[in-house]
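S.K.: Turn this into a model:
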Amino acid sequence: MPEIEHLFEPLVATLRAEFGAGLLGVLATGSHIHGTPGPNSDLDAHVVIEMPQRQRRNFVLRGVEVELFLNPPFRVRGYFAERHAGTLHMFAFGRPIYDPHGVLAQLQAEARAIWDAGPAPLAPGEAWQPRYFLADLLRDLADMGDDEANASIQIARIVDLALATHYRINRRWPEKPTRRLADMARWSPDAADQAAGTLGPRPLPERRAAAERLAALVLAPIGGPMPLEWQNDWEVLEQPEEEA
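M.R.: Numbers count the residues shown, from 1 in each chain. As a prediction, this is how the structure comes out:
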């Protein structure tokens, strides 16, 4: 990281000048920290502050784009509770560059424990959703006929939902979109091949067929695409008191 380490000291100094004792920690993260930067990669930093406010900001520091995520500890833990994969990854694998009170160390330990446990399994009452939505998207795709442009948009929607569902069913945290197919090829090569087949320069009927195979493969563990006739279980609703 020699190309960005020189930014740590001035970044922390800038933030200390703004927040003073309210600056609780600065966590460097992103592709530079993980050794996978691209030509346009910025430096990401999660800034933990005492103030009950949050903000995102971008600025240029010594010629390098810096993206900041500013949050108090309770909001960070809120992201953890929501199982926000991006925030969990930042804290589980980021590099603390300012942590005078050990706040970051504690947050990182909490994030790593959640990350190591994996996403929660798909609950039985949730399984109907990806089955229904993927089946519905596939039917709409079939109705588009030879409309290449709109069909391409629809296929991209199908692939995005199918891959997110595949990660969830297999209790894996989703990889960034820029590396998602490469990551999936390591643990589910059949799904990665079908997804790639929907997006490459192939005739539309072949891409449509690949989308159907991808959906069938992904949904197989939970019953496959939803048939035309179906119903989910009754859900008991809490009636407002004024209407009781």
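S.K.: Can you classify the residue nearest to residue 83 when sequence neighbours are not counted as helix, strand or coil?
M.R.: In space, and not counting its chain neighbours, residue 83 is closest to residue 119: 6.2 Å by CB to CB, 6 or more residues apart in numbering. C-beta coordinates here come from the backbone N, C-alpha and C atoms, glycine included. Classification of residue 119 by DSSP: H, G, I helix; E, B strand; the rest coil places it in coil.
S.K.: So which residues of this protein form helices?
M.R.: For the chain, applying DSSP state H gives helices covering 2-5, 8-19, 31-34, 73-81, 85-93, 103-117, 128-143, 148-169, 180-187, 189-199, 204-219.
S.K.: Mean pLDDT and distance to residue 41 for those - can I get that in CSV?
M.R.: Putting those into CSV (pLDDT from 0 to 100; distance: least, CB to CB, whole Å) gives the following:
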stretch, mean pLDDT, distance to residue 41
helix 2-5, 74, 9
helix 8-19, 96, 16
helix 31-34, 75, 5
helix 73-81, 98, 22
helix 85-93, 95, 15
helix 103-117, 97, 22
helix 128-143, 97, 32
helix 148-169, 97, 23
helix 180-187, 96, 17
helix 189-199, 96, 23
helix 204-219, 97, 30
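S.K.: got these as CSV, with mean neighbour count and distance to residue 51 columns?
M.R.: Listed next are the helices of the chain as CSV, based on neighbours: other CB atoms under 10 Å; distance: least, CB to CB, whole Å:
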stretch, mean neighbour count, distance to residue 51
helix 2-5, 12, 27
helix 8-19, 15, 8
helix 31-34, 18, 25
helix 73-81, 16, 10
helix 85-93, 19, 18
helix 103-117, 16, 14
helix 128-143, 17, 37
helix 148-169, 18, 34
helix 180-187, 15, 35
helix 189-199, 18, 43
helix 204-219, 20, 43
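S.K.: Model confidence score at residue 37, please.
M.R.: Here the pLDDT value assigned to residue 37 is 62.
S.K.: Please report how far residue 188 lies from residue 126.
M.R.: Residue 188 sits at a distance of 20 Å from residue 126 (criterion: CB to CB, to the nearest Å).
S.K.: who touches the residue nearest to residue 83 in this structure?
M.R.: 83, 85, 167, 168, 171, 172, 173 (CB atoms under 8 Å, 6 or more residues apart in numbering).
S.K.: now, which of the residues you listed sits nearest residue 197?
M.R.: Nearest to residue 197 among these is residue 167, at 18.9 Å by CB to CB.
S.K.: so which of the helices of the chain gets nearest residue 227?
M.R.: helix 128-143 (7.7 Å).
S.K.: quick check: angle from the closest one to helix 204-219?
M.R.: When axes from the mean of the first three to the mean of the last three CA atoms, to 10 degrees is applied, the directions of helix 128-143 and helix 204-219 differ by 170 degrees.
S.K.: Need the residues that contact helix 128-143.
M.R.: The contact list for helix 128-143 (CB under 8 Å, 6+ apart) reads 151, 154-155, 157-158, 161-162, 165, 168, 208, 211-212, 215, 218-219, 222-227, 230, 232.
S.K.: What of stretch 181-200?
M.R.: Residues outside stretch 181-200 that contact it (CB under 8 Å, 6+ apart) are 155-156, 158-159, 162-163, 166, 170, 172, 175, 206-207, 210-211, 213-214, 217-218.
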